[in-house]
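> Coordinates for the following, if possible.
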Amino acid sequence: MSLIATLISHPADRMVLPDLAHKAAIATGASAIDWLAENVACDLQLPANAEPHATETALRAAIGDLPVDIVVQQAATRRKKILIADMDSTMIEQECIDELADEVGIKGEVAEITRRSMNGEIEFEPALRQRVALLKGLDATVVSRILATRIKLRSGGRELVGTMRKHGAWTALVSGGFDVFAAPIAAMLGFDENRANHLVEANGRFEGSVTEPILDRVAKATALHAIAADHGLNVGDAIAVGDGANDLDMIHLAGMGVALHAKPFVACEARARIDHGDLTALLYLQGYRHSEFIA
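Model (predicted):
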């Protein structure tokens, strides 16, 4: 099966210029350059004997330190029928639990636990329980204020979800965070479904616990299996995107697993990594053109 290489920059930077594309084509022996978005993304049609690792090495040497992402993959299987996405620091720019902790003046303490958990230094479940316990007594109404004033959608998210849905894909937001955030954020972005942990409340305040079982890295992979089965598909038909260690099982399982602006440990493990582009990069690596995007 033939390989294709995709060069992608952040749409605000527009770093994939014609000279760079031609340089990359020469370095890989590509037979053609197919522009997906002018100065933002292009495909290189690679020779029949191309090898993924050698191709990526040649491309990184040609591109140097320019903020351009590279994905080398099989051309025939690149278009996916399922999107399964993490929420915190993936579809949004924040970690919701850290924003909740800020309400009780312990954001720094909780953010450090979050960082260590997402980088795989400590297990997800005990880290989640530890952080949630620190929120005991917090007024649950703060969620609406945080959503309105602090949560920012990552650029390209609406285009990613809308375009894949337009072309028949099923889209699922599957978060190790909390449903009080996941449900409204999924609605903002247009996801078909969402799954997340549930913070226990009593008398309008958080109790410092979550409903069991916890949605962790294993549960994310289980969700992918279930979603695929429900739609008569297999996990190879999915593109999975996340940034933390608790996303790795679904990233490994999916036909295309993407680490987006991820922790170093996760980026090294993923089949594809997007360090510079926004969420529209996931459309370009599936071969969508900018003219096909749905906002």
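
> Every contact and neighbour count from this point should use C-alpha atoms.
Noted.

> Mind giving me the packing neighbours of the strand or helix carrying residue 187?
Following DSSP states H and E, one finds residue 187 within helix 179-189. Secondary-structure packing of helix 179-189 (3 or more C-alpha pairs under 8 Å, 6 or more residues apart in numbering; DSSP states H and E): helix 142-149, helix 157-166, strand 170-178, strand 193-197.

> What is the burial count for residue 150?
Other residues within reach of residue 150, judged by other C-alpha atoms under 10 Å, total 12.

> Would you mind confirming that residue 258 is in contact with residue 251?
Yes - counting by C-alpha atoms under 8 Å, residue 258 touches residue 251, with 6.4 Å between them.

> Touching both of these two, which residues are there?
239, 240, 241, 242, 270, 271 (C-alpha atoms under 8 Å, 6 or more residues apart in numbering).

> and which of the residues you listed is nearest to residue 166?
Nearest to residue 166 among these is residue 239, at 15.8 Å by C-alpha to C-alpha.

> pretty sure that closest one contacts residue 257?
Yes - counting by C-alpha under 8 Å, residue 239 touches residue 257, with 5.8 Å between them.

> hey, what's in contact with both of these two?
With C-alpha under 8 Å, 6+ apart as the test, residue 239 and residue 257 both reach residue 251.

> Is it correct that residue 258 falls within a helix?
No - checked against DSSP: H, G, I helix; E, B strand; the rest coil, residue 258 lies outside a helix; its state is strand.

> Need the pLDDT of it.
pLDDT, residue 258: 98.

> and it, how far is that from residue 230?
Distance of residue 258 to residue 230, computed by C-alpha to C-alpha, to the nearest Å: 23 Å.

> out of these two, which sits in the busier spot?
For residue 258 versus residue 230, the count of surrounding residues by other C-alpha under 10 Å is larger for residue 258: 30 against 10.

> mind listing what the more buried one touches?
Contact analysis of residue 258 by C-alpha under 8 Å, 6+ apart lists 239, 240, 241, 242, 251, 270, 271, 272, 273, 274.

> Could you do residue 3 as well?
Contacts of residue 3 (C-alpha under 8 Å, 6+ apart): 45, 46, 47, 48, 50, 52, 72, 73, 74, 75.

> how about TSV for the residues you listed, with neighbour count added?
What follows is those, written out as TSV (neighbours: other C-alpha atoms under 10 Å):
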residue	neighbour count
45	20
46	23
47	15
48	10
50	15
52	17
72	22
73	21
74	12
75	18
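
> Could you export the helices and strands packed on helix 179-189 as TSV, including mean pLDDT?
As requested, these are exported to TSV (pLDDT from 0 to 100):
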stretch	mean pLDDT
helix 142-149	97
helix 157-166	98
strand 170-178	98
strand 193-197	98
